[in-house]
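**Student:** sharing a model that was predicted from the sequence below.
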Amino acid sequence: MQRTTLNRTLAKHSLVAAITLTLTTNLCHAATYPVTSSNDDGTGLDPNTLSWAILQANTNPGPDAIELQTDVTLSGVMKRLIDSDVTIHSDATRRAIDGYEMYRPLFIKSGQVTIQGIDVINGWAEGGTSRAGGRGAGFGGALFIHDGQVTMQDVSIENSVSVGGFFGGSGYGGGGLFGDGHYGGGGGLLGHATFVTTGYGGYGNYQLDDTTFGLGGEYSAKGTAGHGGFGAGGGGSYDGTSGDGGFGGGAGYSYYGPNGDGGFGGGGTLNGGVPGFGAIRRYAAGFGGGLFIRSGSLTLNNVTFVDNHARQQSKGNFSSEGYGGGLFVLHTTTNSNGNHQGMPTTLPTVNGCGVTFTGNLADSDPGTNNNNDDVFDEANRITPDDGLSITNPCGPPDDLIFADGFDP
């Protein structure tokens, strides 16, 4: 396992730069929440788990800190999305957040978020499935950034996978980014649909309340089914019009009527419905094996992406796309099939230095400078700190001035 320590980074800087970074790291927080439980079911209901700490930060005004005092392993889907100003860091010992090769460790909905001195490992972002509707996309195996201003310092993202929903499932509802569609209800961002009931969208403790965020589309027997919310599948129908998938969600299926379309990366349906970008037929895309950013800003300082994988789904001669083994940066504000639900109005920005890519894999990349095993950045949204490459070592801040008044 490749690791980069914060101490080695600071050794490259002058004393003044080190002091500046230290002061930045130790800003006064409204509260600090310790994480002392090594097992986390993702619900946030058990004190001193990571998901509990995220919930406290979301509901407490002002900037907060979450300190990992143990390694954390997820035993359930992370249902608490970061939606506030917070810093997540290790204590004196470097800590890891482990997705157990089953779950995505972190999802940032919004906020000014700093992640520092942590390994995010063994993440798994697999889209929800559906029998006749579209499968959901897999985005950001270790970390998904919906929006916000995110800074990562001395972080390793390792052995994580993004992949569209697998074959199987039941019913007409489309799959979500996690939840499976069922007989008629669309799968949700965080939970499966049950019969005609829609998939679960979240606990509703978000700062910007949106009752449809992550909620699967509703079933309609003869009318028009509901569209999926962000990350959710469209509702199914028997003799009416099925719903479109939200961002990453699969289309709902109609037995006799018109079919919905897939969201960005989401699949179409068994006998119709247009898939979203990177998907084909019912088979959804896998984008950002390590990290996916949809909107906002991302700063990477001494971050490593190791052995992450963006996987395609295939059957016979048909294969969806797998792009951005390490990092996927959204490149468009419109979906290729005209279903623009959940697409941002402004593209994200990424900057940084000292970024290392090792052993990442994207199944479909053409091997170009901006679409390869490590990075998908077809809109060229990545700006290196030195103007050359984000893999070049980090140097002292540009505004650093020595006591004699001269720049270094």
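**Tutor:** Received the coordinates, thanks. Residues are numbered from 1 along each chain as shown.

**Student:** distance check, the residue nearest the centre of the chain against residue 59.
**Tutor:** Nearest to the mean C-alpha position of the chain, by C-alpha atoms, centre = their mean, lies residue 144 at 1.3 Å. To residue 59, residue 144 is 21 Å away according to C-beta to C-beta, to the nearest Å. The C-beta positions use only the backbone N, C-alpha and C, and glycine is treated the same way.

**Student:** cool, and residue 33?
**Tutor:** According to C-beta to C-beta, residue 33 and residue 59 sit 11 Å apart.

**Student:** higher neighbour count, these two?
**Tutor:** With neighbours defined as other C-beta atoms under 10 Å, residue 33 and residue 59 compare such that residue 33 has more, 21 against 13.

**Student:** my guess is the more buried one meets residue 67, correct?
**Tutor:** Yes - using C-beta atoms under 8 Å, residue 33 is in contact with residue 67, at 7.3 Å.

**Student:** with adjacent residues omitted, what lies nearest to residue 376?
**Tutor:** Of all residues beyond its chain neighbours, the one nearest residue 376 is residue 324 (3.3 Å), with distances taken as C-beta to C-beta, 6 or more residues apart in numbering.

**Student:** wait, what's in contact with the one you found?
**Tutor:** Shown in contact with residue 324 (C-beta atoms under 8 Å, 6 or more residues apart in numbering): 287, 288, 289, 292, 310, 362, 365, 371, 374, 375, 376.

**Student:** burial measure for the second one, as a count.
**Tutor:** Applying the criterion other C-beta under 10 Å, we find 33 residues in the vicinity of residue 288.

**Student:** how near is it to residue 76?
**Tutor:** When residue 288 is compared with residue 76 (using C-beta to C-beta), they lie 22 Å apart.

**Student:** once you drop chain neighbours, what's closest to residue 53?
**Tutor:** For residue 53, the closest residue by C-beta to C-beta, 6+ apart turns out to be residue 33, at 3.9 Å.

**Student:** phi, psi of the one you found?
**Tutor:** Residue 33 adopts backbone torsions of phi -110, psi 120, taken as degrees, to the nearest 10.

**Student:** partners of it in the sheet?
**Tutor:** residue 66 (DSSP bridges).

**Student:** coming back round to it: and the contacts of residue 324, which of them are in strands?
**Tutor:** Counting by DSSP state E, the members of the contacts of residue 324 that fall within strands are 287, 292, 310, 362, 375, 376.

**Student:** among those residues, who's most crowded?
**Tutor:** Taking other C-beta under 10 Å as the neighbour criterion, residue 310 ranks highest of those with 37 neighbours.

**Student:** touching, that residue and residue 328? I think so.
**Tutor:** Yes - counting by C-beta under 8 Å, a contact exists between residue 310 and residue 328, whose distance comes to 7.0 Å.

**Student:** hey, what's in contact with both of these two?
**Tutor:** Here residue 310 and residue 328 share the contacting residues 162, 287, 288, 376, scored by C-beta under 8 Å, 6+ apart.

**Student:** residues in contact with the last one?
**Tutor:** In this case it means residue 376. By C-beta under 8 Å, 6+ apart, the residues touching residue 376 are 287, 288, 310, 323, 324, 327, 328, 329, 331, 362, 365, 370.

**Student:** quick check: it vs residue 148, distance?
**Tutor:** As for residue 376, its distance to residue 148 is 20 Å (criterion: C-beta to C-beta).

**Student:** can you lay out the contacts of residue 376 as a markdown table showing distance to residue 242 and pLDDT?
**Tutor:** What follows is these, written out as a markdown table (distance: C-beta to C-beta, whole Å; pLDDT from 0 to 100):
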| residue | distance to residue 242 | pLDDT |
| --- | --- | --- |
| 287 | 24 | 98 |
| 288 | 28 | 98 |
| 310 | 28 | 98 |
| 323 | 27 | 98 |
| 324 | 30 | 98 |
| 327 | 34 | 98 |
| 328 | 28 | 98 |
| 329 | 31 | 98 |
| 331 | 28 | 98 |
| 362 | 31 | 98 |
| 365 | 32 | 96 |
| 370 | 36 | 97 |
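
**Student:** could I get these as JSON lines with distance to residue 278?
**Tutor:** Formatted as JSON lines, the contacts of residue 376 follow (distance: C-beta to C-beta, whole Å):
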{"residue": "287", "distance to residue 278": "7"}
{"residue": "288", "distance to residue 278": "11"}
{"residue": "310", "distance to residue 278": "10"}
{"residue": "323", "distance to residue 278": "7"}
{"residue": "324", "distance to residue 278": "10"}
{"residue": "327", "distance to residue 278": "16"}
{"residue": "328", "distance to residue 278": "10"}
{"residue": "329", "distance to residue 278": "14"}
{"residue": "331", "distance to residue 278": "11"}
{"residue": "362", "distance to residue 278": "11"}
{"residue": "365", "distance to residue 278": "12"}
{"residue": "370", "distance to residue 278": "15"}
